[in-house]
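S.K.: Build the 3D model from these lines:
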Amino acid sequence: MTTTENPAGVTDGAQVDGASSSNNTTAEVALTALTEALRTVGEIDASGKIVDVTDDARLGARLIALGPDVIGRFTDAVRRREIGYDGIRTLVADHAKRQAASLLAGAEAVVEPIPIGLDALGEVDLTTLTVTAEPACGPYLDGLIAEKGLTLLVGRGGVGKTWAAEAACLDAEDAVYLDLDGNGVPALYGRLQLLGASDAMIRTRAVNIVSPVDVAAMHRMSTYDALVGILRGLEQHPPKLIVIDSFAKAMDAMGGEENSATDVNRLFALVERLRTITSVIIIDHVGHEAATRPRGASAKIDTPDFVLLLTRPTTQPGKGEEPQPAAVPGRVAWGDVVAVKDRTGALTHHVGGGAVEGFLGRLTVTEGDPWQVSLATAKKAKADADSAASVARMNGTDPESQRRRLIAALIDASDPDGIAPTALAEAVTDADDEAVRMPRAKARAWVNDVIDEWTAAGRVGTRRERGGMRVVGIDPDDDNNDNDNEGN
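M.R.: Okay, the predicted model is just below:
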């Protein structure tokens, strides 16, 4: 076959290294067409030699390719003296470079078929199967951080995100903390010491705190390339936990935009393999206006397995007010923890379960020897409240028991005439104790239910008079013998 020189130095019909033989014919036809196109537009001559064409000579054709709207905008800008010939030439040349880059970005490598049958992958290891419907409780940070998966830890400054991440690293005892946020490796190790990390643990890098910026300088590469290289290396030897601090700095290193779902998912893709074999935490921030979600694209919520929001504590967790509580000596940071996303349900099952949906508890960092990062979980708070309520019921000090004693005393005092149910409901509505008090409609329904219960038990009788029904004959003390004086 006769070959023709072209600008890329590849002859017509030449085989490119690495290309499979099955694609050679198609590539040769395409290369011939490209060579002919270059001849047609005057970029190469009939013999295939490059024609010396300046950017000035190409400018007219490139402008025409941009279309009349762009040419019109250039014309208006020239008339306003905002741009000149050199400016137009530079902009058009830059546009041509971006177009060329986008063409290459769309090229896909040739991928050979990959077998995934029994012969290739072998039998399924039945010992690895999860046979329980109950999601596993996370082993780190009192159940907040799962053994595997991607967690986005979100919040404003000062609520304890970094402290929480470092405490999780200590729980794991085998972790890597990638500091892109400029906290400083010595400062972060200092925090670990405060939290009780031993000198040996720090010296041997059991929790390995690394600055990708410093690694990039050592290897004379970009910070993003250093981050990618580190993560690829961790895929080969994964620790139990990886922390990336922070999403914004990693995005800056990548040259991406947080409002772009494409860029966000491109960054998440760096840990796509790692999230399946270990636990990954990425620290992020909330927006100024939307303080209840990660700032930027919704992909920040869609892609991770868990999204944890740390907010400044409120008087009623989960509500919008943010009054600043009184300072507590020794408290360094604290925040309410809310599950914005809980893919497996583990957070709700093991940590949450309180009255406010998604509320997981309150995280507190306190000074001490060592310092403590503790989580007062909503699940434990509910259990404690239920236990206290049970004790109150046993002692008769709960609101329900107090209401029953209130109306029992009124019925007893009304003998022998009895008392109308509406009067009993009014007494509950106007009770001095706020815990005992009920809205009028609810109080009436409650009184009717209790009267029906006591009537069925033979402890109260009712009779009808012109003014309506009256209740008589009740034993005011639930523990006394049954009252034999029933109304007829």
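S.K.: so where is the stretch 301-450 of the chain shaky, pLDDT-wise?
M.R.: Residues of the stretch 301-450 of the chain that meet the criterion pLDDT under 70 lie in 314-327, 354-355, 386-389, 391-393.
S.K.: how about the strands in it?
M.R.: Read by DSSP state E, counting those that start in this stretch, the stretch 301-450 of the chain holds these strands, from start to end of the chain: 306-311, 331-342, 359-366, 372-377.
S.K.: Need the residues that contact the last one.
M.R.: Strand 372-377 has contacts (CB atoms under 8 Å, 6 or more residues apart in numbering) with 141-144, 160, 163-164, 166-167, 195, 337, 351-352, 360-366. (Glycine included, C-beta is placed from N, CA and C.)
S.K.: Adjacent strands (with direction) for it?
M.R.: On the basis of DSSP bridges, the sheet neighbours of strand 372-377 come out as strand 359-366 (antiparallel).
S.K.: May I see the buried residues of the strand it pairs with?
M.R.: Along strand 359-366, the positions that meet the burial threshold by neighbour count (16 or more other CB atoms under 10 Å) are Phe359, Leu360, Gly361, Arg362, Leu363, Thr364, Val365.
S.K.: Stretch 401-417 too?
M.R.: Applying a neighbour-count criterion of 16+ other CB under 10 Å, the buried positions in stretch 401-417 are Ser401, Gln402, Arg403, Arg404, Leu406, Ile407, Ala408, Leu410, Ile411, Asp412, Ser414.
S.K.: Got the domain ranges for this protein?
M.R.: What automatic domain parsing lists as the domains of the chain is 21-102, 149-319+329-377, 396-472.
S.K.: Tell me where the stretch 101-250 of the chain is predicted with low confidence.
M.R.: 101-110, 131.
S.K.: And the strands in it?
M.R.: When assigned using DSSP E, counting those that start in this stretch, the strands of the stretch 101-250 of the chain occupy the ranges 149-155, 175-179, 207-210, 241-245.
S.K.: so how far is the third one from its chain's centroid?
M.R.: If I follow you right, that is strand 207-210. 23 Å (CA atoms, centre = their mean, to the nearest Å).
S.K.: Stretch 272-284 too?
M.R.: Distance of stretch 272-284 from its chain centroid, counting by CA atoms, centre = their mean, is 12 Å.
S.K.: and it, which residues are buried?
M.R.: Leu274, Arg275, Thr278, Ser279, Val280, Ile281, Ile282, Ile283, Asp284.
S.K.: picking up where we left off before, using CSV, lay out the strands of the stretch 101-250 of the chain together with mean neighbour count and distance to Val185.
M.R.: Conversion of the strands of the stretch 101-250 of the chain to CSV gives the following (neighbours: other CB atoms under 10 Å; distance: least, CB to CB, whole Å):
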stretch, mean neighbour count, distance to Val185
strand 149-155, 25, 20
strand 175-179, 24, 6
strand 207-210, 21, 5
strand 241-245, 26, 12
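S.K.: Quick one: those as TSV, columns for distance to Pro370 too.
M.R.: As requested, these are arranged in TSV below (distance: least, CB to CB, whole Å):
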stretch	distance to Pro370
strand 149-155	22
strand 175-179	17
strand 207-210	14
strand 241-245	19
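S.K.: Mind listing what's buried along the helix or strand hosting Val70?
M.R.: Secondary structure here is read from DSSP states H and E; on that basis Val70 sits in helix 68-79. For helix 68-79, the neighbour count (16+ other CB under 10 Å) marks Phe74 as buried.
S.K.: In terms of secondary structure, what does it contact?
M.R.: With contacts defined as 3 or more CB pairs under 8 Å, 6 or more residues apart in numbering; DSSP states H and E, the packing partners of helix 68-79 are helix 55-66.
S.K.: got the CA positions of the helix it packs on in PDB?
M.R.: These are the backbone C-alpha positions of helix 55-66, laid out as PDB (Å, rounded to 0.1, in the frame of the first residue of the first chain):
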ATOM      1  CA  ASP A  55      -3.500  31.600  12.100                       C
ATOM      2  CA  ASP A  56      -4.300  34.800  10.200                       C
ATOM      3  CA  ALA A  57      -5.000  32.800   7.100                       C
ATOM      4  CA  ARG A  58      -7.200  30.400   9.100                       C
ATOM      5  CA  LEU A  59      -9.200  33.200  10.900                       C
ATOM      6  CA  GLY A  60     -11.800  33.800   8.200                       C
ATOM      7  CA  ALA A  61     -12.700  30.100   7.900                       C
ATOM      8  CA  ARG A  62     -12.800  29.700  11.700                       C
ATOM      9  CA  LEU A  63     -15.100  32.700  12.100                       C
ATOM     10  CA  ILE A  64     -17.500  31.300   9.500                       C
ATOM     11  CA  ALA A  65     -17.500  28.000  11.300                       C
ATOM     12  CA  LEU A  66     -18.600  29.800  14.500                       C
END
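S.K.: That one - contacts with which helices or strands?
M.R.: In terms of contact count using 3+ CB pairs under 8 Å, 6+ apart, helix 55-66 is assigned the packing partners helix 68-79, helix 85-105.
S.K.: Using PDB, list the CA coordinates for the longest one.
M.R.: The C-alpha trace of helix 85-105 is given here as PDB (Å, rounded to 0.1, in the frame of the first residue of the first chain):
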ATOM      1  CA  TYR A  85      -8.100  42.200  15.600                       C
ATOM      2  CA  ASP A  86      -5.500  40.500  18.000                       C
ATOM      3  CA  GLY A  87      -8.200  39.900  20.600                       C
ATOM      4  CA  ILE A  88     -10.500  38.200  18.000                       C
ATOM      5  CA  ARG A  89      -7.700  36.100  16.700                       C
ATOM      6  CA  THR A  90      -6.700  35.000  20.200                       C
ATOM      7  CA  LEU A  91     -10.300  34.100  21.200                       C
ATOM      8  CA  VAL A  92     -10.900  32.100  18.000                       C
ATOM      9  CA  ALA A  93      -7.600  30.200  18.300                       C
ATOM     10  CA  ASP A  94      -8.300  29.400  22.000                       C
ATOM     11  CA  HIS A  95     -11.800  28.100  21.000                       C
ATOM     12  CA  ALA A  96     -10.200  25.900  18.300                       C
ATOM     13  CA  LYS A  97      -7.900  24.400  20.900                       C
ATOM     14  CA  ARG A  98     -10.800  23.700  23.300                       C
ATOM     15  CA  GLN A  99     -12.700  22.000  20.400                       C
ATOM     16  CA  ALA A 100      -9.800  19.800  19.600                       C
ATOM     17  CA  ALA A 101      -9.400  18.800  23.300                       C
ATOM     18  CA  SER A 102     -13.100  18.000  23.500                       C
ATOM     19  CA  LEU A 103     -12.800  15.700  20.400                       C
ATOM     20  CA  LEU A 104     -10.000  13.800  22.100                       C
ATOM     21  CA  ALA A 105     -11.900  13.600  25.400                       C
END
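S.K.: Please compute how far that helix lies from its chain's middle.
M.R.: Using CA atoms, centre = their mean, the distance between the centre of helix 85-105 and that of its chain works out at 39 Å.
S.K.: Outside of it itself, list whatever touches it.
M.R.: Contacts of helix 85-105 from elsewhere in the structure, counted by CB under 8 Å, 6+ apart, are Asp55, Asp56, Leu59, Arg62, Leu63, Leu66, Phe74, Val78, Ile83.
S.K.: No more questions from me, cheers.
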